[in-house]
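Chemist: Could you work out the structure for the sequence below:
(chains A and B)
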Amino acid sequence: MQDKYNPEPIELKWQRIWKDKGLFQVKEDPEKEKYYLLEMFPYPSGNIHMGHVRNYTIGDVVARYKRMRGYNVLHPMGWDAFGMPAENAAIANNVHPAKWTYKNIDNMRLQLKRLGFSYDWDRELSTCHRQYYRWEQWLFVKMLEKDMVYRKKSSVNWCKTCQTVLANEQVEGGCCWRCGEVVIQRDLDQWFLRISDFAEDLLAYCDRLPGWPDKVVTMQKNWIGKSVGAEIRFPLKDGDGHIAVFTTRQDTVFGATFMVMAPEHPLVGRLSAGTEQEGQVNAFVERMRHEDKIKRTSDDYEKEGIFVGAYCINPFTGREMPIFTANFALMEYGTGAVMAVPAHDQRDFEFAKKYGLEIIVVIQPEGDLLEAQCMTEAYVEEGVLVQSGQFDGLQNLNALDDIADCLEEKGLGKRTVNFRLRDWGISRQRYWGAPIPVVYCDRCGVVAVPEDDLPVVLPEDAQMLEAGGSPLSSLESFVKTKCPKCGSSDARRETDTMDTFVESSWYFERYCSPRYGKAMFDKEAVKYWMPVDQYIGGVEHAILHLLYSRYFTRVLREFGLVDYKEPFTRLLTQGMVCKETVKCPDHGFLFSDEVITSEAGNACKYCGSQVKIGRIEKMSKSKKNVVDPNALIEKYGADTLRLFCLFAAPPERDLDWSDQGVEGAWRFLNRVWRLITDSLDELRDVRPFDGGKALTGDAKALYRKTHQTIKRVTNDIEARFHFNTAISAVMELINTIHSKKENLLSSPEDLQVMRFAVETAVILLSPIAPHFADELWESFGHNESVLEISWPTYMEEAIKADEILVVVQVNGKVRSKIEVAAGTDGKQIENVALADERIVARLQGRTIKKVIVVKNKLVNIVV
RNA sequence: GCGAGGGUGGCGAAAUUGGCAAACGCACUGGAUUUAGGAUCCAGCGGCUUCGUGCCUUGCGGGUUCAAGUCCCGCCUCUCGCACCA
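Modeler: Numbers count the residues shown, from 1 in each chain, chains lettered A, B, ... in the order given. This next block holds a predicted model:
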């Protein structure tokens, strides 16, 4: 036992002991209640960053705590190992993506181990491993058989920089979510998963996720975007046929005066053909197709359109409606055509004004009369229907149903539900991903790779292309294959790989039986462990990853592989780790070691200019406001780093990095260390006080404080995950011990209470600073890890004080404080309060109107 | 524009059902110890103050209540998400 707290040897020592004892390895045990704690697995980019440290520290505290509470805790870790950075690195450094990835994994595994996280490393998995992705290929084939997957040519989001297709979810404000490049549209054959088949169910279950943050649930609901309305068919004026529209406002159908179609709509070309508009329409459509998506979705985007040269008929009014195509109509939503009701839709109103189109008011507000000519904006509120034939006089909201009935009776349309959520395009024109297990044969068409031939292994000898694009398509040995059906040797393999979100949609099930060779997972193991009791990760995955995982769970259920619908019972989305930015006028953002600090202020290391302290932002390499976990571990040890991450803010909030705060965490551990090592000689052979005797004075107070602390810490961890307040509670206990220790090192009972208090502090700290706690625990003569003992329980009896401080208020202001015996009844407290000197003085010459007594808390005298 | 979540000392934050606002920590100030620095220990630390513990103080303005950071109404502001979705 050393006098000075020296974390490195201690941490390495306990990491070895934990490993040798196999403390973190778990298996299914029907006798014990399970607890599956999962943190989002990292992409192996090369190094652990502070966000990981925070995420995994939060998880580790919960895992260790639950374990001490007697649960059989599954706490696995692995690697989301496929993805683009590996290919970029390969091109930049001429290393194979596999080599680069595995090297990063080795490095990051060491870093995680150095932080002392309680993972069952036997369950480690990498999604780039063929024994992993073979099973998602297997599922793909099964889904193909069941028509849950399909191929279609579609206009896709294309990123020129990444040379790949992006899912809608990966386009943020018209730009690539990864590199920020502007996304353009391109037609390609793509594989899609029918996630929209589950839209209704995914939406319905949003309300059955009580353990999820409201924010995330709302984001999911918005993303799915259900709209209830009707499809209405508008017959063309000339010839057969009709235009179908989707609307949520069938109540306004009598006010529909023109039609707007997406430029991509197939009817646009057909209708304008042969009219004098043809040339202009074609030019317009062509221009729109090349317009940047970012421009088409930007705020100040000018609405423009063009008459296609044809008319349709409003089936309710018989009126002719000119047909337009316009840039704001989206082919992907609804039917790609919109009935325009300028009087009651702002966008239609603006369009009508611009092109001089007719405006007909069909909803009149209560007590007002709208005139189409005088309107300056659309009227979108409720009202009474007018100029709407048989529906005149109805409240517009009530008319929604009547008009829908009418549509269906007359065969003009039907009720419909539309979702914003579209099918999930998973094809990626990249190398470093799981190959899509399909073969194209001239004779047989699209053929799935038979189960026995799986996995389709990603070849290792592919050349990365500087220009991007798929290296697989130029690899003849991979592409050329036999047709599994007819045996023709002219067949060609699919060269696209799967979106990496596919791998992360089922890894939590794989963890239950990570080496299982006969299926995606061992059903029994999954039955025992799943669903995940607590999932922890960044809010940036609130839509994509979580929605896909929920969808995959439903797919697995369809195949009878699992029997639950929701994979994650509780979800915690932790805040970002932030730090202030520092900028030099000449050299841009600076790392903190590029800044020279002096009395005069902070200067740039390179030019000596005064630097500007910028705003606090999420840590990122580009802003140079990152701190390196390795350097901190070296200086302070893992326990200090863990302690700071938990103490600085509650998990769901952003954490502002503070070097001085880390220093404070370090000081606290040293203080505890000194406190214990200083009194170790006196306490070593003392049994902790067990409540067997009546106590008095400081001993009693400390004993009470200790039980109070157990209660607070337990409650903070269990109910709220508020580790910051749990840590302050332990700090208070340590302060109390510190202030009383001089008086408590003499009598046997006093020593026992001291020992109890000190041991309890160590146990309560153990999930947070596990190496530190184990070392001190051992110094008390224990020979197991703290992790192996039970979490302490508190005794209400010990927490109760004999004397209680009661606040006495006059007219709601605190005027005095009195001590009364616990359990004194209201009337008695009132009497004591009224007899108090200060209060008597206050009440001179005033009449008491009312006295309110809150037992054990306060008295308020109203005068 | 729509939706969600914030706004409390110099800073990070606390106050679990309405009941002593600012626990705990950081920074700062004074003192002890030290050759010195650091570390440690002790004390102080929202504002005003006629130093009476007197008044004020939880983004702003109203309200309910014996009592409001907490509940209700209106507004300001910041962050995040969505946004021509028909």
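Chemist: which SS class is A:D533?
Modeler: strand (DSSP: H, G, I helix; E, B strand; the rest coil).
Chemist: residues contacting it?
Modeler: A:34-37, A:569-570 (CB atoms under 8 Å, 6 or more residues apart in numbering). Quick note: C-beta positions are derived from backbone N, CA and C, even for glycine.
Chemist: Between those, which sits nearest A:R443?
Modeler: Closest approach between the contacts of A:D533 and A:R443, by CB to CB: A:Y36, at 48.1 Å.
Chemist: gap between the helix or strand encompassing the closest one and the chain center?
Modeler: If you go by DSSP states H and E, A:Y36 is part of strand A:34-39. Relative to the centre of its chain, strand A:34-39 is centred 17 Å away, using CA atoms, centre = their mean, to the nearest Å.
Chemist: Within reach of RNA strand B, which of the contacts of A:D533 are there?
Modeler: When the contacts of A:D533 are checked against RNA strand B using CB under 7 Å from any atom of the strand, none falls in range.
Chemist: other SSEs contacting the helix or strand just after the strand holding A:Y36?
Modeler: Following strand A:34-39 in sequence order, the next helix or strand is helix A:50-68 (DSSP H and E). Under the contact definition 3 or more CB pairs under 8 Å, 6 or more residues apart in numbering; DSSP states H and E, helix A:50-68 sits against strand A:34-39, strand A:72-74, strand A:532-538, strand A:568-574, strand A:577-584, helix A:629-636, helix A:638-647.
Chemist: is it true that A:F307 touches A:P322?
Modeler: Yes: assessed by CB atoms under 8 Å, A:F307 is found in contact with A:P322 at 5.7 Å.
Chemist: buried residues in the helix or strand hosting A:G279?
Modeler: Assigned by DSSP H and E, A:G279 falls within helix A:278-290. Neighbour counts over helix A:278-290 (16 or more other CB atoms under 10 Å) mark A:281, A:284-285, A:288 as buried.
Chemist: got it, and stretch A:818-826?
Modeler: Residues of stretch A:818-826 classed as buried: A:818, A:820, A:824 (neighbour count, 16+ other CB under 10 Å).
Chemist: now, which of these sits nearest A:L112?
Modeler: A:V820 (54.1 Å).
Chemist: A:D496: how many residues sit nearby?
Modeler: Neighbour count of A:D496, defined by other CB atoms under 10 Å: 24.
Chemist: Phi first, then psi, for it.
Modeler: Main-chain dihedrals, A:D496, degrees, to the nearest 10: phi -80, psi 150.
Chemist: wait, isn't A:T497 in contact with A:P471?
Modeler: No: checked against CB under 8 Å, the pair A:T497 and A:P471 is beyond contact range at 10.2 Å.
Chemist: Settle it for me: which of the two has more neighbours?
Modeler: Under the criterion of other CB under 10 Å, the comparison of A:T497 against A:P471 puts A:T497 first, with 25 against 22.
Chemist: partners of the more buried one in the sheet?
Modeler: A:T497 has these beta-bridge partners by DSSP bridges: A:R428, A:P435.
Chemist: so what's it scoring on pLDDT?
Modeler: On pLDDT, A:T497 comes in at 93.
Chemist: Please list all residues in contact with it.
Modeler: Listed by CB under 8 Å, 6+ apart, the contact partners of A:T497 are A:82, A:427-428, A:430-436, A:458, A:470, A:472.
Chemist: what's the lowest-pLDDT member of those?
Modeler: The member of the contacts of A:T497 with the lowest pLDDT is A:S470, at 71.
Chemist: what's it in contact with, if anything?
Modeler: By CB under 8 Å, 6+ apart, A:S470 lies in contact with A:429-431, A:495-497.
Chemist: Format the residues you listed as TSV; extra columns: distance to RNA strand B.
Modeler: What follows is those, written out as TSV (distance: CB to the nearest atom of the strand, whole Å):
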residue	distance to RNA strand B
A:Q429	24
A:R430	23
A:Y431	28
A:T495	30
A:D496	25
A:T497	25
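Chemist: related to what we said a few turns ago, most tightly packed of the helices and strands packed on helix A:50-68?
Modeler: Comparing the helices and strands packed on helix A:50-68 by mean neighbour count (mean count of other CB atoms under 10 Å), helix A:638-647 comes out on top with a mean of 26.
Chemist: Could you list the domains of chain A?
Modeler: As assigned by automatic domain parsing, chain A contains the domains A:29-135+A:501-574, A:149-193, A:226-419, A:577-618, A:680-799, A:803-862.
Chemist: distance between the ends of the shortest one?
Modeler: Between the opening and closing residues of domain A:577-618 there is a gap of 6 Å (CA to CA, to the nearest Å).
Chemist: For the stretch 601-750 of chain A, which residue gets nearest to RNA strand B?
Modeler: Nearest residue of the stretch 601-750 of chain A to RNA strand B: A:G664, at 2.7 Å (CB to the nearest atom of the strand).
Chemist: Am I right that that residue is in a strand?
Modeler: No: the assignment for A:G664, made by three-state DSSP, is helix rather than a strand.
Chemist: what about it, distance to A:N602?
Modeler: 22 Å (CB to CB, to the nearest Å).
Chemist: Now do the contacts for A:K480.
Modeler: By CB under 8 Å, 6+ apart, the contact list for A:K480 reads A:489, A:491-493.
Chemist: Could you list every helix and strand in contact with the helix or strand hosting A:E819?
Modeler: Assessed by DSSP H and E, A:E819 sits inside strand A:813-821. Under the contact criterion of 3+ CB pairs under 8 Å, 6+ apart, strand A:813-821 touches strand A:803-810, helix A:826-835, helix A:837-843.
Chemist: Identify the residues contacting stretch A:638-645?
Modeler: With CB under 8 Å, 6+ apart as the test, stretch A:638-645 has contacts from A:7, A:11, A:50, A:53-54, A:57-58, A:60, A:114-116, A:629, A:632-633, A:655, A:661-662, A:664-666, A:668-669, A:727, A:768-772.
Chemist: So that stretch, near RNA strand B or not?
Modeler: No: against RNA strand B, stretch A:638-645 shows no contacts by CB under 7 Å from any atom of the strand, the least distance being 8.8 Å.
Chemist: Tell me which stretches of the stretch 351-500 of chain A form helices.
Modeler: Ranges of helices in the stretch 351-500 of chain A, per DSSP state H, counting those that start in this stretch, are A:396-410, A:476-479.
Chemist: what helices or strands is the first one leaning on?
Modeler: Helix A:396-410 sits against strand A:226-235, strand A:384-385, strand A:413-419, with contacts defined as 3+ CB pairs under 8 Å, 6+ apart.
Chemist: and what of the last one?
Modeler: With contacts taken as 3+ CB pairs under 8 Å, 6+ apart, helix A:476-479 sits against strand A:491-493.
Chemist: and the strand it packs on, which strands flank it?
Modeler: Using DSSP bridges, strand A:491-493 pairs in its sheet with strand A:438-441 (antiparallel), strand A:480-481 (antiparallel).
Chemist: buried ones in that strand?
Modeler: Buried residues in strand A:491-493 (16+ other CB under 10 Å): A:491-493.
Chemist: How about stretch A:850-858?
Modeler: A:851, A:853, A:858.
Chemist: A:K741 falls within a strand, correct?
Modeler: No: A:K741 is assigned helix when assessed by three-state DSSP, not a strand.
Chemist: For the stretch 251-400 of chain A, give me the ranges with low pLDDT.
Modeler: A:290-301 (pLDDT under 70).
Chemist: Around RNA strand B, pick out the residues from it.
Modeler: A:262, A:296-297, A:299, A:301, A:303, A:327-331, A:333-339, A:345, A:347.
Chemist: Filter those down to the buried ones.
Modeler: Buried members of these, counted by 16+ other CB under 10 Å: A:262, A:327-329, A:331, A:333-339, A:345, A:347.
Chemist: Farthest pair within these?
Modeler: Pairwise over those, using CB to CB, the maximum falls at A:M331 and A:D345, 19.3 Å.
Chemist: any residue of whichever strand or helix holds A:V713 up close to RNA strand B?
Modeler: Assigned by DSSP H and E, A:V713 falls within helix A:697-715. Yes: judged by CB under 7 Å from any atom of the strand, helix A:697-715 and RNA strand B are in contact via A:712, A:715.
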